[in-house]
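# everything below, folded, please.
(one chain, ligands or ions: 1)
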Amino acid sequence: MLQTSIYDTTGIERLQRELQIDSRLSRKLRTALFKHFQADELALAEFPATERLAIHPLALDSRHDSQLDGASKLLFRTATEMLIEAVILRIATGRTTLCVSSQIGCAAACDFCATGKMGIAQNLTPEEICDQVLQAGQLLAPESRSLRNIVFMGMGEPFHNEDKLYSALESLISPRLFHFSPTKILVSTVGIPAAMLRCVRRFPQLNLALSLHSVRQEVRERIIPLAKKFPIESLQHALHQINELQTRPVMIEYLLLAGVNDSLDDAQLLVEWLANLRAHVNLIPYNAIADAPHLIGTERTEREAFGAFLKQAGIPTTIRYSLGGDIAAACGQLVRKENRAVAITQTSGFSQRK
Ligand code: SAH
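Numbers count the residues shown, from 1 in each chain. Next up is the predicted model:
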């Protein structure tokens, strides 16, 4: 049976006309699902043709709750039997942030990131991106918590899936659907200057984060292969243009790796690099991954000294501490092997058919 996606507002209107459904019922359904995150049974109770609706493209495979802090990792299965993850971060202040994935795997292949070592990169559809938000919201509703911030910091490089990312953002922002303020959404990128600009032109109120990690071109190239394609100067130029388009500061993610990018000289270079920019630096601790035994995270006291140096120089800086360390919530460790197995079976199945 032909189903209409709940995100397809014109499709739903068509269905409404075809089946002569009272428009108040579809409006009620949308409000119940996207604004109140009601459970499916409750939200759909009055809708007469639920079999004609495509609601969840993702199946919740499992949920892992941290015993250390308020993080929960949600593992979802796509229709192609791939696993992706979203992470709920219950911050002590009562705010709740959801970290979503934009791709299965990632082609950026950063040295420190488990997702990049998966050897697969497939785009998620806008519906698959939005469903992570819907399902997380539905899980949180009984806890009387609501999602406040959405960050695209899960698996994948959002700008390698640019069109679908924008469509998902439209649904997240749309008053007819989730109606999140763009100021509560953050897109994090490895650094693709042209796409960063396109994104900010289209969504000027959105928060953009750049995973900078070093301002030394040769160091950045060593840990982020894409840096060869997009030199550090082109990123700086893009940030200046972005500052002109936005009043909010751009976020700078800086992962501290011992002996790689964490000396006070590195801090000084970062201060100089950011000199005329409106930026907020997030210093992030490294979550060790098995595939990069050569990388070691900077000790806490040194991370704090690096942060103090930046602050002293007038750079707004936040020193982040990791959540969900016990459930591998940092970046794709848990799903890596399973996906590889599925990808191999799918590929071999394909070659047999040929
Ligand atoms: N591709 C995007 C978003 C996904 S990664 C990007 O590169 O920004 C989200 C953040 O986690 C990035 O800043 C990334 O550099 C960081 N990250 C990746 N691996 C990490 C690890 N092992 N420990 C800590 N942070 C990591």
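# in stretch 110-121, what counts as buried?
If you call a residue buried by 16 or more other CB atoms under 10 Å, then stretch 110-121 has these buried ones: Cys110, Asp111, Phe112, Cys113, Ala114, Thr115, Gly116, Lys117, Met118, Ile120, Ala121. Bear in mind the C-beta positions are built from the backbone N, C-alpha and C, glycine included.
# does the fifth one touch Ile289 like I think?
Yes: checked against CB atoms under 8 Å, the pair Ala114 and Ile289 is within contact range at 4.5 Å.
# show me which residues of the chain are close to the ligand?
Residues of the chain lying close to the ligand (CB under 6 Å from any ligand atom) are 108, 112-113, 153, 157, 188-190, 211, 253, 255, 284, 286-287, 289, 330-331.
# sorry, back to before: with secondary structure and pLDDT added, can I get the buried residues of stretch 110-121 in CSV?
Shown next, in CSV, are those (DSSP: H, G, I helix; E, B strand; the rest coil; pLDDT from 0 to 100):
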residue, secondary structure, pLDDT
Cys110, coil, 94
Asp111, coil, 94
Phe112, coil, 93
Cys113, coil, 92
Ala114, coil, 89
Thr115, helix, 88
Gly116, helix, 86
Lys117, helix, 84
Met118, coil, 82
Ile120, coil, 80
Ala121, strand, 81
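# so can I have a markdown table of the residues you listed showing distance to Ser322?
Below are these laid out as a markdown table (distance: CB to CB, whole Å):
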| residue | distance to Ser322 |
| --- | --- |
| Cys110 | 17 |
| Asp111 | 19 |
| Phe112 | 13 |
| Cys113 | 14 |
| Ala114 | 14 |
| Thr115 | 16 |
| Gly116 | 19 |
| Lys117 | 19 |
| Met118 | 21 |
| Ile120 | 25 |
| Ala121 | 25 |
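# which non-adjacent residue is nearest Leu277?
In space, and not counting its chain neighbours, Leu277 is closest to Leu239: 5.4 Å by CB to CB, 6 or more residues apart in numbering.
# average pLDDT for stretch 266-273?
If you average the pLDDT over stretch 266-273, you get 98.
# what's Ser72 in contact with, if anything?
Contact analysis of Ser72 by CB atoms under 8 Å, 6 or more residues apart in numbering lists Arg63, His64, Asp65, Ser66, Val87, Ile88, Arg90, Leu139, Gly324, Ile327.
# my error: substitute Leu172 in the last question.
Counting by CB under 8 Å, 6+ apart, Leu172 has contacts Cys130, Val133, Ile150, Phe178, Phe180, Ile185.
# equivalent analysis for Pro249, please.
Pro249 sits next to Asn243, Arg278, Ala279, His280, Pro316 when contact means CB under 8 Å, 6+ apart.
# against the ligand, how distant is it?
As judged by CB to the nearest ligand atom, to the nearest Å, Pro249 and the ligand stand 16 Å apart.
# show me the helices in the stretch 1-150 of the chain, by range?
9-18, 23-30, 40-44, 126-140 (DSSP state H, counting those that start in this stretch).
# could you dump these to TSV with mean neighbour count?
Formatted as TSV, the helices of the stretch 1-150 of the chain follow (neighbours: other CB atoms under 10 Å):
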stretch	mean neighbour count
helix 9-18	14
helix 23-30	15
helix 40-44	15
helix 126-140	23
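# the stretch 201-350 of the chain: helices as residue ranges?
Assigned by DSSP H, counting those that start in this stretch, the stretch 201-350 of the chain shows helices spanning 217-223, 232-245, 264-273, 300-312, 333-353.
# how about a markdown table for those helices, with mean neighbour count added?
Converted to a markdown table, these look like this (neighbours: other CB under 10 Å):
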| stretch | mean neighbour count |
| --- | --- |
| helix 217-223 | 16 |
| helix 232-245 | 17 |
| helix 264-273 | 16 |
| helix 300-312 | 16 |
| helix 333-353 | 14 |
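# mind showing which ranges of the stretch 201-350 of the chain have poor pLDDT?
Along the stretch 201-350 of the chain, the parts satisfying pLDDT under 70 run over 323-337, 340-350.
# ok so, going back, who wins on neighbours among the contacts of Pro249?
Of the contacts of Pro249, Ala279 is surrounded by the most neighbours, 21 neighbours in total, counting by other CB atoms under 10 Å.
# ok, it touching Met251?
Yes: judged on CB under 8 Å, Ala279 makes contact with Met251 at a distance of 7.4 Å.
# quick one on the thing from earlier: in strands, which of the residues of the chain next to the ligand appear?
Members of the residues of the chain next to the ligand lying in strands (criterion: DSSP state E): Ser188, Thr189, Ser211, Glu253, Leu255, Ile284.
# if any of the residues you listed are buried, put those into a ChimeraX selection.
Only the buried entries of those go into this ChimeraX selection, using 16+ other CB under 10 Å:
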select :188,189,211,253,255,284
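# most proximal residue of the stretch 1-150 of the chain with respect to the ligand?
Residue nearest to the ligand within the stretch 1-150 of the chain: Cys113 (3.5 Å; CB to the nearest ligand atom).
# for the most centrally placed residue in the chain, give the beta-bridge partners.
In the chain, the C-alpha nearest the mean C-alpha coordinate belongs to Phe152, at 1.8 Å (CA atoms, centre = their mean). Listed by DSSP bridges, the beta-bridge partners for Phe152 are Val187.
# look up how far Arg145 lies from it.
20 Å (CB to CB, to the nearest Å).
# just checking, Val187 touches Ile150?
No: the pair Val187 / Ile150 is not scored as a contact, 9.4 Å apart, by CB under 8 Å.
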